[in-house]
Every structure is written in structure tokens, then in C-alpha cells.
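*Asks:* sequence and predicted model, in that order:
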There are 4 protein chains.
Amino acid sequence: MSASKWQGVFPAVTTKFKDNEDLDYAAMEKHFAFQVDSGVHGLVTCGSLGEASTLSFDEKLEVARIALKVADKRVPVLANVSETRTATACRYVEKAAEMGVQGFMVMPSVLYAADAREAKDNLRTIAKAAQLPIMVYNNPVSYKVDLLPQDFAELADCEWLVAIKESSDNIRRITDLRNLLGTRYQLFMGVDDLSFEALALGADGLLAGVVVAFPKETVALYNLIKEKRWDAALKLYQWMTPLLHLDVSSKLVQNLKLIEAMVGVGNENVRRPRQPLLGAERERVAMVIQKAIDTRPDLQALV
Amino acid sequence: MSASKWQGVFPAVTTKFKDNEDLDYAAMEKHFAFQVDSGVHGLVTCGSLGEASTLSFDEKLEVARIALKVADKRVPVLANVSETRTATACRYVEKAAEMGVQGFMVMPSVLYAADAREAKDNLRTIAKAAQLPIMVYNNPVSYKVDLLPQDFAELADCEWLVAIKESSDNIRRITDLRNLLGTRYQLFMGVDDLSFEALALGADGLLAGVVVAFPKETVALYNLIKEKRWDAALKLYQWMTPLLHLDVSSKLVQNLKLIEAMVGVGNENVRRPRQPLLGAERERVAMVIQKAIDTRPDLQALV
Amino acid sequence: MSASKWQGVFPAVTTKFKDNEDLDYAAMEKHFAFQVDSGVHGLVTCGSLGEASTLSFDEKLEVARIALKVADKRVPVLANVSETRTATACRYVEKAAEMGVQGFMVMPSVLYAADAREAKDNLRTIAKAAQLPIMVYNNPVSYKVDLLPQDFAELADCEWLVAIKESSDNIRRITDLRNLLGTRYQLFMGVDDLSFEALALGADGLLAGVVVAFPKETVALYNLIKEKRWDAALKLYQWMTPLLHLDVSSKLVQNLKLIEAMVGVGNENVRRPRQPLLGAERERVAMVIQKAIDTRPDLQALV
Amino acid sequence: MSASKWQGVFPAVTTKFKDNEDLDYAAMEKHFAFQVDSGVHGLVTCGSLGEASTLSFDEKLEVARIALKVADKRVPVLANVSETRTATACRYVEKAAEMGVQGFMVMPSVLYAADAREAKDNLRTIAKAAQLPIMVYNNPVSYKVDLLPQDFAELADCEWLVAIKESSDNIRRITDLRNLLGTRYQLFMGVDDLSFEALALGADGLLAGVVVAFPKETVALYNLIKEKRWDAALKLYQWMTPLLHLDVSSKLVQNLKLIEAMVGVGNENVRRPRQPLLGAERERVAMVIQKAIDTRPDLQALV
């Protein structure tokens, strides 16, 4: 569990709610255990998929606490940092570090479209407060801040910044980062339906979404590629792709909670303003999921 | 001060900070008084320009309390609602209503890119909790949720939704809203450098930014157009336009605080991750501001 | 008919085809006469709306020749230059100049997304060959080349460039051009549903589309604003707006030819790959048009 | 040379000009021979990279004639069809077919942003006139027409449409097309810096740009992947990537002609409005190219 060399499949776990929007601790314990028992290599709590924006400061710490208990040091637990003020983010990482998390996922800036100077300063400030390894979550599509390879070159002296979650939706970044920075950062693909491409290009891991319902398949995809069993990996990926597309949507939370519900490892409860899928939209998504379930490959035969 | 017929110039006031990022109550009292004494028709606290994303729940209430004290019922005070969870937003409007605000500005959804169904439901839920007049802040550019004229038609039965802050950056919306909905909603332009255009098209007011430093000029612009003194209005607007462009930028907070500093009604302190402008960027903006100051028109001659 | 001071309403006339896609000379004679007799201030042949991309070099000259014959020097005729190679454009303007056109509309670059240096050089080269007044057609939305106010400042020494058709879809440009360049260029709004806004801001004319079916109404709009009769102008513009939106669409040719057909001044024939509107799309557009026809204002009462 | 199973590396060859913009036949003969002798699997004349927009109807046929002569049936020659009117495109393919080309590359619509119905009808009409195999060039980024996998499903009955050049800049399309349509179409990646990714996903070939200067390297990349020698392929691709980025630019023609000039297989002459790179932009690009030349891998060692 070497912090500086995170690799493999890290689920951005969903946060479980009861019907009244309260946190459902039991459901989370069960689900996190399902993930770890299925072979994932880390857990990331309260990311975008974890509905961070509807959770209070204390609730986010609670979810991390559950993950830590379940993981029991078998895999690292990273708490996502989504505070919109730098000072609050620092307070958050200090609390979570005390609690024992192994590291953090940190967005360069949330809500405010910081420029590169501000974003890098924000990251350095949070890293200094955290004193733990950090995966920088670069997602210009959702968060409007884009750290380029040269920005990561400038940040290279900050020892706590050890990994990058690449969610620019631009697969070229994997090669550009490798060409400029070699193996300085561990590279995780944060866009589900670019997983095969990124691993083929030498990425170190997946910060994944659909894995919350299909952990064994996601881990198998990772292993097949690392073992250079390309044909089997591609076949598996082609099967997964319609599911993976559901992670690249403003409705990713609802889509993935519907997948969880349909495979029996979760429910569709979300916190408002989010609402569960409805009507024709729900039917269309459910049909994609059902088809994937009906044609689920036999992993034993594959692996 | 009829709530259902808000009109005129409503500044989205900046939030004042000390050097250590603490709220600067004295500076805010002074600045809000400057606005009201200069003739603005309302105050909106803790909007985007008010750095809402870096303020705590309680701080936002505090800022509203100061505005209420200063306004002293001379003009309505609207508290902006920027909570990312619906339940929290409801709690917020209840607290602010108890405190005596005259109404709210409400974003259809913050951080989560809600679809129209979710956004409308969110608005109705908050309106029900508020039991006070609401200006809906439609800003698809920054917040990715776009309520179309037909959405506002569907919301027309909700009596508390009385006004729209139009920030789609699409001037056509003013006419489309008028054509579809007549005068059901008071229309405020939320994009500074579309002010003249919107008022010419019959908008009822401005939810303005540069007004924080130039309230008399902004009120004069509004009055000249309402009095159909087009040539004088256009001349004033042409002078203001380089300043107004500074409001349409991801750096609008820093830009406008620099304007405030340069005209002597504020300072440049912001909360991180935001940072004050620096270097060439600051010089470029300062030059625009200085030129406007140097050529500031004589309002007495104009009005 | 002073070339250097074009102003008023210039229709970008549609090109008429027979059922077999051949040019319909008689229909064009009739339609151009209808325009001039209705009071328009100029004619522009073979623009985007004139389906330039499907016309041969010689056909475009033929259409200009018809326009010249009909206009008979009552209004200037501008031939649009849409050649994709500079050398061909020069040959085209030479031929059209010999034929007697009063000027040209010239796009900075067609099909190739030239940068500002290349686009300006292209314009200068064509202007030198033309030796006639030119309206520069700035349309970054369709043609990916955007000449900014500072680019027009650099071009100001080229005497033949006398006017700008502003189609950036950014109404701010009118004020920015005025602020930087005063009255160096005559400014025409090229986006139908920004007409009122542009004229209110002091633009000199409209390079218009819906005018092909509603010339009297478009001229009335122009006159009312120039006479500062704002209320009447706004009321007329609100009526026109749903029609004007039809000009801002990839289907503008088909939309406007349907308008022409429904008001009895043209047919729906287009050249492939374009095809007439069909099915639900056609019904939706037809309904907008029919509603406008049914509520057509009495211009006598207005003007 | 089976037409229905095109695969491998097809250069979109540049068109060579003399200093006075005339076609340089000798330079083209030499360059096309260099390509074929270096092992490419086909030639495509007068595509975007071939400056189609500045060539006359007859010139485009001339270039195809040279390619046919040089290829001498060793590899198929595809003439790109870039006519903006359907009827002209039909006339063009008839002429080129008489001349003996083995097939065509056809854009769904040029200049006019056709909708799917119009674009598909355009393709069918051209295919009927051509009576030869066609590669459909899907490039919504440059040409604003996007044929989706379901559109290609609808076109599947048209036997002449045998291949797709995928230039949507969305790597997901490869898998989506395979999932929906199996091997109905041969899939070529049209975006240079997505080559490795596409081949890894099972694409059949590359419709490539940088190949014009580096044919052996491009063919080696293709062969290494087809032989499943991933590590060597990735290493080669990482070296090529800075060059490949130069193909994804509005200046791709100038960039690639500079590469050709620097490796000694072409010159920088372009037709206006295009102009050769200049100043800082040229230096920046030249530095990227020089670095690639300086670190050029030993293919013998790799292959």
C-alpha cells in the first residue's frame, strides 16, 4: 500500500442515502466491503459521483471514516476534497488526516474558475496542510480549471502531489504528460469510457465510476491490459462501453445508482436538487443496463 | 418598495474582507450606504460577485443583516441563495426571512447541472420555504442550467417567482420572454455589458456589477433610457462599456474590486482560492479603469 | 447612392431556382424589383442566403447582372465574393467590376480558417483588384475567421474597405467598433434577430434576411429607429422576432424560402445538398410564419 | 488491392505548388513515388491537407491522374470529393472514375452544414454516380456535419460505402461503430494524434497526415500494432506525438509542409489565402520538428 505508487482500480464510491436523504451507514459499509472484496486497489470517498456538493463538512468526514473502517488498511482510502474555500479545504484535510486517511483527491478549484496561478497555489496550500499524498483531479469539463502538462511540471517539486486523475476528456494528455514528465506522477484515467485507451497508453490506473456496480469486470479489464492480453481486454471493453458512457453525463450519479440498483448493490436515492431518472430517460438507460446484464461475460473464461 | 414590482438598478454588492480574509463589517456598512445614498433601487448580497462560494452559511446571513440595517427599508434587500443542497437552501431562506430580508435571488441549481425538471422543482421547493418574492438567476454560462422561456411559462403559477435575472449572455431572451410571458416577470439584465441593449428592449432593471464603484452613472444610464433620452444614454454607455466588459470575465470579482479600489470605495482583498490581479493582467485592467476615470462624464451636464 | 456611405436596409437576396435546379431569371427579376420598389437601400447578391456555395463562377456573375438591370442605379448592387482561392476572388471582382456593380461584400476567408494576418492580406489583395468599395463580412460563427476591432483598425488605411457586416453574434462588437474606430466604417448588422439592438446602438444599417419576404416592415423598423420612435419600433420588432430567429439557423435558406413561398414572393426550390424543409420541422417553421402573417401589423398606422 | 477491404496507412497527400502557385507536377510525381516506395497502402488526393479548396475541378483531376500514374496499381488511389454542389460532385466522380481511380473519399457535405437526412442523401447520390467504393469522411469539427453510428447503420445498404474516415475527434466512435456495425465498414482514423488509440481499439487503418514526411515510421507504427508489439509501438508513438499534434490545427497544411521541407521531401509553397508560417509561430513549430528529427528512432532496431 505504498502511497507514492498508487495504481490499479480506484472506485469513486457513491454515497448511500435513506429515503429521507439521511446517510445510510449500513448500506455504505456493505458497499465498500463489496468493492474491496472484489479486488479494487483503493477507495475514493465523496467525489463528484459521491454527491460531494450535497454533503456537509462533517458528513464527508463520516463517509471517510466508514471507508477506513471497512478497508482496514487492505487498500488506501482517499478522501476527496471539494471545499470551495481554501481555508476550509485545509481544515478538512487536517481533520481527515487525523482520522487516518491514506491520502486525498484534490480539485484545483471548485466552483470558482481559477486560473493556473491560483489553482496551483491552492493545491500547494492544501498539500502543505495535508502532509499526505495527493491525487490532483484535473477536470476542466466540469470545473473549468485546466492544469496543463507544463503546470504539472511546475508543481513537480511539491512532493505530496503524487498522482493525476486525468478527466480533461482529451486522451492525448496521457501521452503528453508521459512525454514531458516521465513517471513523476502516477496517471489515473478519470473518464470511464476512455479506460482502455488510457491503459493502452501506459496509464497506471483508473479512477472509475461503473466499477461501483461491476468491480470484478473493471479489475479484470485492468489486469488483462497489464498482462498485455489485448484481444480479451478489447472484447471485455466493448461489452462494457455502453455502461461506461453512462458515467460521462451530467446525470452520472443517477445513471450509476440505477446500475447499482439493477445489479442489486445499491439503491437510487439521491439528494436534491438531484432526482432519480424518470420516464423515457429512465427507460432508455435501463435498457442499456439490462442489455449489459444479459450479455455479461464469463470472467473465468476470460481471465 | 412593492416586492412584486422590483425595478431599477440592483447592485450585486461585493463582500468586504480584511487582510486576513475575515469579514470587514465596517467596510460593508460604509459601502452599502454609499450604494443606497447614490440612488440604487435595491441590494443583493452574496451573489457570484459577492464571493458566495467562500462564505459560510452564517457569514452569508451576517452580510444580509448588515445590508438590512443600512438599507433601513429605503430599498429592498435580496439575499442570494447559493446553497448546493436543496434542504440547506430551504433552511437558509427560512433564517434570512426571519431576519427580515425583502426577497431572494435564487439560482436554479449550483454546482450540479440540473435538468429543467430538477431545477424547476428546486425553485418551487425553495420558494415554498421562503414565502417571499424571488428573482430567479438564470446563468447557464456559469452554472450550466438554462431555464428557457417555456420553463418560466410553466413556473408562472408559482406566485413567489416574480423576477428573472437574465444572464444567458443571449440578448434575444429579453424579447422572447416578453413575447411569451408579457409582464408576468420583471426582467433584470444580469450581464453588465448588455445593459443598454436590454433596457432598450424594455427590461425593467439591471442586476449590475460595475455599479459597485459607479452607482450614480449606472442609475443615470437607467434613468436616461427610461426617459427615452437615447443619445445621452448611448454616449454614457459607450463611456462605460470598457468597464462593463470587466464584469464579464472569470476574474469579475478581482476586476471589480480593483475598480472599487481605484475609485476609493473598496479594497482588493479576496478570499482564496481567488487572488488579486497581478503583473501584466493587473496593468491591463488598471489601464482600462484609469482611462474611464480620466474621461468620466459630467453627470450634471448629462442628466 | 454614395458608395462610401452605405446605410439602411440591404437584403441578402435569395437566388431563385427552377424545379430542375436551373437559375430562374424571371423569378429573380421579379423579386429584385419587389425589393427595390419596397424601399430597400441596396441589394447584395449571392451571399450565404443566396446559396453561393452551389453557384458557379459564371452563375454568380449572371445573378449580379440581373440585379444591376433591375436596380438600374436606384440602389447600389453589391456582389458577394465567396471564392475559396484568393486568385479566383480577384478574377471574380474584376469581372463583376467591369459589369458595373457598385461594390462588394467580401468574406475574410471561405472554408479555410485563416488567421488574422492571412485574412487581412486576403482582403487587401481582393480590394486592390476590385478598386471598388467593399463591405467586409465578419462571420466567425459560420466561417471561423474573426476580425476583431483592432484588426479593423489595422485595415483602416485601405480606402476600399468602407463597411463591416457584423455577424459575430456578439452585439458588444457594435460599441467596441464605435469606441475604437468612430465612424471610420459603416456598420451593418448581419444577424437578423439583433437588428433592433444594433440600430439602437447606432449601427448604420442592416444586412438582412427576412427582408426578402418583408421588405416594407424591415424598412419601417429601420426608419422608426432612425426617427427615434422607440415604442413603435420595439412593438414592430417584437412582432418580427419569431421570423428573425429563422435567419439564425443552419437552415436559414430553407426557412427564408419557405417564408417567401408563404407570403407569395418566391418558391422553396434549393440546390442540393440542401433540401426543402420536411415533416415536423417544416410544420413547426410554417406555424411560426403563419402566426406572423396572421398578426401582421398595419404599417400605415405605425409609420 | 481489394477495394472493399481497404486497410493500412493511406496518406492524404499534399498538393505541390511552384512559387507562382502553379501545380508542380514533377514534385508530385516524386513525392507520390516516395510514399508508395515507403510502403503506404493507398493514396488519397486533394483532401483538406491537399488544399482542395484552392484547386479547380480540372486541377483536382490532374492531381489524381498523376497519383494513378505513379501508383501504377501497386496501391489504390482515392480521389477526395470536396465539391459544394451535389450535381458538381456527381460530375466529378464520373470524370475521375473514367480516369481509373480505385475509389473516393467523400465528405457528407462541404461548406453547407447539412442535416443527417441531407448528408445521407448527398452520399447516396454521389455513390450512385461513382459506382466505385467510397470512404465517407466524417469530420464534424471542420465541416459541421456529424454522421452518427446510427446514420451509418441506415446507410449500410449502400454497397459502395465501404469505409469511414473517423475525424470526429472522439475516440469513442471507434468502439461505438464496432459495437453497432461490426465489420460492415472499414474504419480509418483521420486524426493523426489518435492513431495508436484507434488501432489499439481495432481500427483497420490510418488516413494520415504526418505520413507525408514520415511514411516508414507511420507504416511501422501500423505494423507493430497489428503484430501486437505494444511496447515498441507505444515508444514509437510517443516519439511521433509532438509531430502528430501538428496535424490537428487550422494550420495543418502549413505545419505539414514545413515538416516536408525540413526532412527534404517537399517545399512550403501554399495557395492563398493560406500563407507559410512566419515568425514566432514558425519557430515554435520548427523546434518541435527539429527535436523529432534529432531523436528519430532507428526503425531497423524497432521492427
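*Replies:* Cool, got the structure. Since this is a predicted model, take the numbers as computed values, not measurements. Residues are numbered from 1 along each chain as shown, chains lettered A, B, ... in the order given.
*Asks:* list the contacts of stretch A:35-44.
*Replies:* A:6-13, A:32, A:50, A:67, A:70-71, A:74-80, A:105, A:135, A:205, A:207, A:211-212, A:215-216, A:218-219 (Cβ atoms under 8 Å, 6 or more residues apart in numbering or on different chains). Where you see a C-beta, it was placed from the backbone N, CA and C, and this is true even at glycine.
*Asks:* up against chain B, what does chain A have?
*Replies:* Applying Cβ under 8 Å from any Cβ of the partner chain, we find that chain A lies next to chain B at A:21, A:53-55, A:84-87, A:109-115, A:117-119, A:121-122, A:125, A:144, A:250-251, A:271-275, A:278.
*Asks:* hmm, try it at 7 Å
*Replies:* Residues of chain A lying close to chain B (Cβ under 7 Å from any Cβ of the partner chain) are A:21, A:53-54, A:84-87, A:109, A:111-114, A:118-119, A:121-122, A:250, A:271-275.
*Asks:* list buried residues within those.
*Replies:* Buried subset of those (neighbour count, 16 or more other Cβ atoms under 10 Å in any protein chain shown): A:53-54, A:84-86, A:109, A:111-114, A:118-119, A:121-122, A:271-275.
*Asks:* got the buried residues for stretch A:288-301?
*Replies:* Buried, per 16+ other Cβ under 10 Å, within stretch A:288-301: A:288-289, A:292, A:297.
*Asks:* please verify my assumption that residue A:19 contacts residue A:271.
*Replies:* No. The criterion here is Cβ atoms under 7 Å, and residue A:19 misses it with residue A:271 at 11.5 Å.
*Asks:* any idea which helix or strand comes after the helix or strand residue A:223 falls within?
*Replies:* Per DSSP states H and E, residue A:223 falls inside helix A:215-226. Downstream of helix A:215-226, the first helix or strand assigned by DSSP H and E is helix A:230-245.
*Asks:* what's whatever helix or strand comes next after that next one in contact with?
*Replies:* Scanning forward in sequence from helix A:230-245 by DSSP H and E, the next helix or strand is helix A:252-263. Helix A:252-263 is contacted by residues A:14, A:49, A:51, A:209-210, A:212-213, A:243, A:246-247, A:249, A:266-268, A:270, A:274, A:276-277, A:285-286, A:289, A:293 when judged by Cβ atoms under 7 Å, 6 or more residues apart in numbering or on different chains.
*Asks:* which among the residues you listed count as buried?
*Replies:* Buried among the contacts of helix A:252-263 by 16+ other Cβ under 10 Å: A:14, A:49, A:51, A:209-210, A:212-213, A:243, A:246-247, A:266-268, A:270, A:274, A:277, A:285-286, A:289.
*Asks:* which helices and strands sit right next to the least confident helix or strand in chain A by mean pLDDT?
*Replies:* In chain A, no helix or strand scores lower on mean pLDDT, DSSP states H and E than helix A:299-302, which sits at a mean of 86. Helix A:299-302 makes packing contacts with helix A:215-226 when contacts are defined by 3 or more Cβ pairs under 7 Å, 6 or more residues apart in numbering or on different chains; DSSP states H and E.
*Asks:* secondary structure class for residue A:273?
*Replies:* Following DSSP: H, G, I helix; E, B strand; the rest coil, we place residue A:273 in the coil state.
*Asks:* quick one: it from chain D, how far?
*Replies:* In this structure, residue A:273 and chain D are 29 Å apart, going by Cβ to the nearest Cβ, to the nearest Å.
*Asks:* buried residues, stretch A:97-104. List them.
*Replies:* A:97, A:101-104.
*Asks:* my bad, should have said stretch A:66-75
*Replies:* A:66-68, A:70-71, A:75.
*Asks:* who touches it?
*Replies:* Residues contacting stretch A:66-75 (Cβ under 7 Å, 6+ apart): A:1, A:25, A:28-29, A:32-33, A:36, A:40-43, A:45, A:77, A:99-101.
*Asks:* start and end of that stretch, how far apart?
*Replies:* In stretch A:66-75, first residue to last residue: 13 Å (Cα to Cα, to the nearest Å).
*Asks:* now that stretch: average pLDDT?
*Replies:* For stretch A:66-75, the mean pLDDT works out to 98.
*Asks:* is it fair to say residue A:59 lies in a strand?
*Replies:* No. Per three-state DSSP, residue A:59 lies outside any strand segment and is helix.
*Asks:* excluding its backbone neighbours, what's nearest it?
*Replies:* Nearest non-adjacent residue to residue A:59, counting by Cβ to Cβ, 6 or more residues apart in numbering or on different chains: residue A:23, 6.1 Å away.
*Asks:* report pLDDT for the one you found.
*Replies:* On the pLDDT scale, residue A:23 gets 98.
*Asks:* was I right about it contacting residue A:58?
*Replies:* No. In terms of Cβ under 7 Å, residue A:23 does not count as a neighbour of residue A:58; the distance is 10.3 Å.
*Asks:* and these two? Which one has more around it.
*Replies:* The residue with more neighbours, out of residue A:23 and residue A:58, is residue A:23; 18 against 9, by other Cβ atoms under 10 Å in any protein chain shown.
*Asks:* ok, that one - contacts?
*Replies:* Here residue A:23 is in contact with A:17, A:59, A:62 (Cβ under 7 Å, 6+ apart).
*Asks:* let's see that with 10 Å instead.
*Replies:* Contacts for residue A:23 (Cβ atoms under 10 Å, 6 or more residues apart in numbering or on different chains) come out as A:15-17, A:55-56, A:59, A:62-63, A:66, A:271.
*Asks:* who does it bridge with?
*Replies:* Using DSSP bridges, the bridge partners assigned to residue A:23 are residue A:17.
*Asks:* name the next helix or strand downstream of the helix or strand hosting residue A:127, please.
*Replies:* Per DSSP H and E, residue A:127 falls inside helix A:116-130. As assigned by DSSP H and E, the chain's next helix or strand after helix A:116-130 is strand A:134-138.
*Asks:* what does the spatially closest residue to residue A:42 that is not a sequence neighbour show for phi and psi?
*Replies:* The shortest distance from residue A:42 to any non-neighbouring residue, by Cβ to Cβ, 6+ apart, is to residue A:10 (3.9 Å). With angles defined as degrees, to the nearest 10, residue A:10 sits at phi -110, psi 110.
*Asks:* check whether residue A:10 really touches residue A:212, as I assumed.
*Replies:* No. Taking contacts as Cβ atoms under 10 Å, residue A:10 lies outside contact range of residue A:212: 11.3 Å.
*Asks:* would you point out which residue of the stretch 201-303 of chain A is nearest chain C?
*Replies:* residue A:280 (17.4 Å; Cβ to the nearest Cβ).
*Asks:* now do the helix or strand where that residue lies: distance to the chain's middle.
*Replies:* Assigned by DSSP H and E, residue A:280 falls within helix A:279-294. Computed by Cα atoms, centre = their mean, to the nearest Å, the chain-centroid distance of helix A:279-294 equals 23 Å.
*Asks:* now the angle from it to helix A:230-245?
*Replies:* 160 degrees (axes from the mean of the first three to the mean of the last three Cα atoms, to 10 degrees).
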